[in-house]
Structure formats: structure tokens, C-alpha cells
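Chemist: Dropping the sequence and predicted coords here.
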2 protein chains.
Amino acid sequence: MPYRKTPSEIRRLEAAREHLVACATSVVAEVGWAQTSVTAVADSAGIAAGSVYQHFPSKAALAVEVFRRAAGREVEVLGEVLDGEGDPVERLTRGIEVFARRALENRGLAYALLAAPAEAAVGAERLEFRRRYRALFAEVVRQGMAAGLLPAQNGEITAAALTGAIGEVLVDPLGTPSGHTTDELLTDLTAMALRCAGAPAV
Amino acid sequence: MPYRKTPSEIRRLEAAREHLVACATSVVAEVGWAQTSVTAVADSAGIAAGSVYQHFPSKAALAVEVFRRAAGREVEVLGEVLDGEGDPVERLTRGIEVFARRALENRGLAYALLAAPAEAAVGAERLEFRRRYRALFAEVVRQGMAAGLLPAQNGEITAAALTGAIGEVLVDPLGTPSGHTTDELLTDLTAMALRCAGAPAV
């Protein structure tokens, strides 16, 4: 009879895997992809380095899982705000504020997600997530045009531009403090984004 | 007496290195960073794989050199246009057109420079080059404000936004043709960029 895991064994394994991903995410946020070693993650999770490989076949596979989880949360939060209350321009403004504020509150993680040099597998995930951001922005720009709040424009290009622009603006404050307060940065960032989408100046 | 290379040997080595970098650039433009092997580069240059290591200690070192040369040329061309004839808004418009047109004419290379998943060493170069783009755009935005052609704004944020926006807009047409002609894309891209910088609609 083949050995089958009991439900409680499965739950224990899943909990251990979750704990490992959470610890790896903290290590990545603190030291970046390149400096994150399997040993450091194992230490942080309180397990032997070899045990990491019970859950992930390679460091790259663990890195991809860390990226997917963390980036997935950000896409989800942005999607909820863009899909929430208010007219499309208000939702766009709030979405950018929320996205940027979250990035500035966890700069290490945001830098890892947006820009930090990483293995190619993580780079491929990053491109995929940028497509999801573009799709979210494209929808709210489309709604803004339909509501007559935004001028006629190529919404796909505006959506790509917003995705690239916001990421790039957040990269340098993340790397090197630029002397702006968070509120000043948010004000200037949303003003730029609204100009980019052609919303009337407020 | 230690062996010293003669001038003609040095010239021959330099020419061989140049040829190798040019061949490697073509291979990267064609198949991307991940698929570029030392063997493929050596084949393309008509030398043995081992000879590549006479010039570069590792594949990563060769990749970094390919990136620096190609990205350096793009920064130089953009700098010349942004620094050329015309008022700041005209120069910004022309700079974006030239940058985008060059990217669309060599999509494989542009994708490799802008976005393709690559080893971390190339990722670090990419961040460095983005800083150079930001500095170029910041200067022309500053001039535009000084000339009263652009409204008061945080020029550093606009410059970062333009860098991110243009790169991101060019990534997807590069990856998946979007049904736009090059001219339509250029028109929409420059319109977006001018809105972003607050230039009056033309």
C-alpha cells in the first residue's frame, strides 16, 4: 500500500510552507534577492537549510513564490480600490495613493517587487504582473473616457505609461531618500498621473 | 624580461573583442539574454567557445558589456536630441520620437535593454541607465519650466515618470504586436508624454 499523507500531516506541511514563504519574504525585503540565501531563509524560519528543499526544489522557485504572493497582494489591493466607490478619476487617484503609500511603508519589499536586480525567473514574473497593472489601469481610463471625465486617448498607452511611471517614481525614493516627505511625494505623484491621463488639474 | 604585447597584438586583441561584443549584441537581440549561450556567441563570431574567455571572464561580464555599449548609444542619441535645436517642448517631443523609433526599428535589442528577464548583473546596469535617462529628462523639463512652456511641477518626478512610461509603453508592442502602426504609436506616445509634462495639447 503506498504511503499517503494524513490530513493532519498535510496541514502541518502547508503551515510549514506558509511560514517559510513569510520568512523568505521578510529576508528579501531586508537584504534583496541577490543577498537572500537559502541558509538565511532557513535560519529565519528556524529550520535546517536542507528542509527548505522539502518545500521548494530551488532557491529560484522559492523566490518566484515570494514574488507571486507579495505582488499578488498589491495587485489585489489596487484592483479593489480601482473597482470601488467614486467616479473613475477619483478611483484612479485613490488607487495610486494607496499603491504608493503601501510601497513607501515597506520600501524594501516594494523595491524588490518593482526594480531590484533579481534572477531571470523573478524578472519574468515581474513582466507578468506589470501586465496585470496595465489591465487594471486601462479599465479605469476606459471608464473615465466613457464618463466624459477624461479626454479621448489611447487608453492602453496611458495604462502602460501609468504602470511604468508609478513604478519608476517609486524606485528612487525607495533607493535613495530624496528629501521629500511621503505626503509631498504622493501629491506630486498623483498630480503627474492625472496629467498623464488628461484629467483636469485640481 | 616579462612578455609585453606588441602594439599590433594589442590592436588585434581589441578588434577581436569589438567583433565579439558586436556578435554577442546581435545574438542577444535575436534570442534574448537567457537563451544567449557562450557557444552561440562564439559560433556567431567564428571562434572557439574557450576563446570568449580570453576577452571576458564570464558570460555575465560579456552580457554587462553588451548592455553598456548598446544602452550607452541610446542614452547618447537621446542626449544629443534633447540638447539640440528648438525649444524645450520641441526637443522633448523629438527626443521621445527618436528614442521610440529606434526601439521599434530594433525591437529585439530594445526589449533586451528595457525589460527582458536577465541575470542580476544586467539588472543592476539597467537601473543605472534609467538614472541617466531620468537626468536627461529632468534637465529638459527644468528648461521647459524656466521658459514658461511647462507648468510648475516636480520635475524629478516627471522625469522619472517619463522614463518609466516610455519604457513600459515600448515593452508590449515589442513583445506582442498591438495592431498599431509605428506612426500611430509614436503619435499616441508623444501625446501621453506631453500631457504627463503638462505641455498644452497640440
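Modeler: Structure received.
Chemist: which residues of chain A fall in helices?
Modeler: Along chain A, the stretches classed as helices by DSSP state H are A:7-31, A:38-45, A:49-55, A:59-82, A:88-105, A:107-114, A:120-146, A:155-175, A:182-196.
Chemist: now, of the ones you listed, which is deepest in the fold?
Modeler: Ranked by mean neighbour count under mean count of other CB atoms under 10 Å in any protein chain shown, those are led by helix A:155-175, which reaches a mean of 25. Every C-beta, even on glycine, is put in place using the N, C-alpha and C of the backbone.
Chemist: State the distance from the closest residue to A:Leu62 other than its chain neighbours to B:Cys23.
Modeler: Once flanking residues are discounted, A:Leu62 sits nearest to A:Phe56: 4.1 Å by CB to CB, 6 or more residues apart in numbering or on different chains. A:Phe56 sits 37 Å away from B:Cys23, taking CB to CB, to the nearest Å as the criterion.
Chemist: how about the helix or strand of chain A with the lowest mean pLDDT against chain B, any contact?
Modeler: Sorting the helices and strands of chain A by mean pLDDT, DSSP states H and E puts helix A:155-175 at the bottom, at a mean of 86. Yes: Helix A:155-175 is in contact with chain B by CB under 8 Å from any CB of the partner chain, via A:156-158, A:160-169, A:171-172.
Chemist: Tell me the one among these nearest to B:Ala199.
Modeler: A:Ala161 (14.6 Å; CB to CB).
Chemist: who touches that closest one in this structure?
Modeler: A:Ala161 sits next to A:196, B:161, B:164-166, B:168-169, B:192-193, B:196 when contact means CB atoms under 8 Å, 6 or more residues apart in numbering or on different chains.
Chemist: Show me the shaky parts of chain A.
Modeler: A:1, A:173-179, A:201-202 (pLDDT under 70).
Chemist: between the least confident helix or strand of chain A and helix A:88-105, how many degrees?
Modeler: 30 degrees (axes from the mean of the first three to the mean of the last three CA atoms, to 10 degrees).
Chemist: tell me the contacts of the residue nearest the centre of chain A?
Modeler: In chain A, the residue lying closest to the centroid (CA atoms, centre = their mean) is A:Ala71, at 3.3 Å. By CB under 8 Å, 6+ apart, the residues touching A:Ala71 are A:113, A:125-126, A:129.
Chemist: same question, A:Ala48
Modeler: A:Ala42.
Chemist: what's the answer for A:Gly148, then?
Modeler: Per CB under 8 Å, 6+ apart, neighbours of A:Gly148: none.
Chemist: What separation do you get for it and chain B?
Modeler: 17 Å (CB to the nearest CB, to the nearest Å).
Chemist: Could you do A:Ile47 as well?
Modeler: 26 Å.
Chemist: again with A:Glu65
Modeler: From A:Glu65 to chain B the distance is 17 Å (CB to the nearest CB).
Chemist: Check A:Ala45 too.
Modeler: Separation of A:Ala45 from chain B (CB to the nearest CB) stands at 24 Å.
Chemist: What of A:Thr181?
Modeler: The value you get for A:Thr181 to chain B, if CB to the nearest CB is used, is 12 Å.
Chemist: Run a quick neighbour tally on that residue.
Modeler: Neighbour count of A:Thr181, defined by other CB atoms under 10 Å in any protein chain shown: 8.
Chemist: Kindly report the same for A:Arg4.
Modeler: 7.
Chemist: Let me see the contact set for it.
Modeler: So A:Arg4 contacts nothing (CB under 8 Å, 6+ apart).
Chemist: if I look at it, how far off is A:Ile10?
Modeler: 10 Å.
Chemist: ditto for A:Ser26
Modeler: In terms of CB to CB, A:Ser26 sits 25 Å off from A:Ile10.
Chemist: Could you do A:Val171 as well?
Modeler: With CB to CB as the criterion, A:Val171 and A:Ile10 are 40 Å apart.
Chemist: same thing with A:Glu80?
Modeler: 31 Å.
Chemist: what does A:Ala199 give?
Modeler: Taking CB to CB, one finds A:Ala199 at 51 Å from A:Ile10.
Chemist: re earlier: nearest to B:Val89 among the contacts of A:Ala161?
Modeler: Distances from B:Val89 to the contacts of A:Ala161, taken by CB to CB, are shortest for B:Ala193, at 10.3 Å.
Chemist: For the closest one, which non-adjacent residue is spatially closest?
Modeler: Nearest to B:Ala193 is B:Ile96, by CB to CB, 6+ apart, at 5.1 Å.
Chemist: residue contacts, that neighbour?
Modeler: B:162, B:166, B:189-190, B:193.
Chemist: Then A:Glu76?
Modeler: By CB under 8 Å, 6+ apart, A:Glu76 has no neighbours at all.
Chemist: same check, this time on A:Glu97
Modeler: By CB under 8 Å, 6+ apart, the contact list for A:Glu97 reads A:186, A:190.
Chemist: mind listing what A:Ala165 touches?
Modeler: A:192-193, A:196, B:160-162, B:164-165, B:168, B:196.
Chemist: Would you mind measuring from it to A:Gly144?
Modeler: 17 Å.
Chemist: Same check on A:Gly123?
Modeler: A:Gly123 is 32 Å from A:Gly144, by CB to CB.
Chemist: do the same with A:Trp33
Modeler: 36 Å.
Chemist: go on, A:Ala100?
Modeler: Counting by CB to CB, the gap from A:Ala100 to A:Gly144 is 19 Å.
Chemist: repeat for A:Ser58
Modeler: 44 Å.
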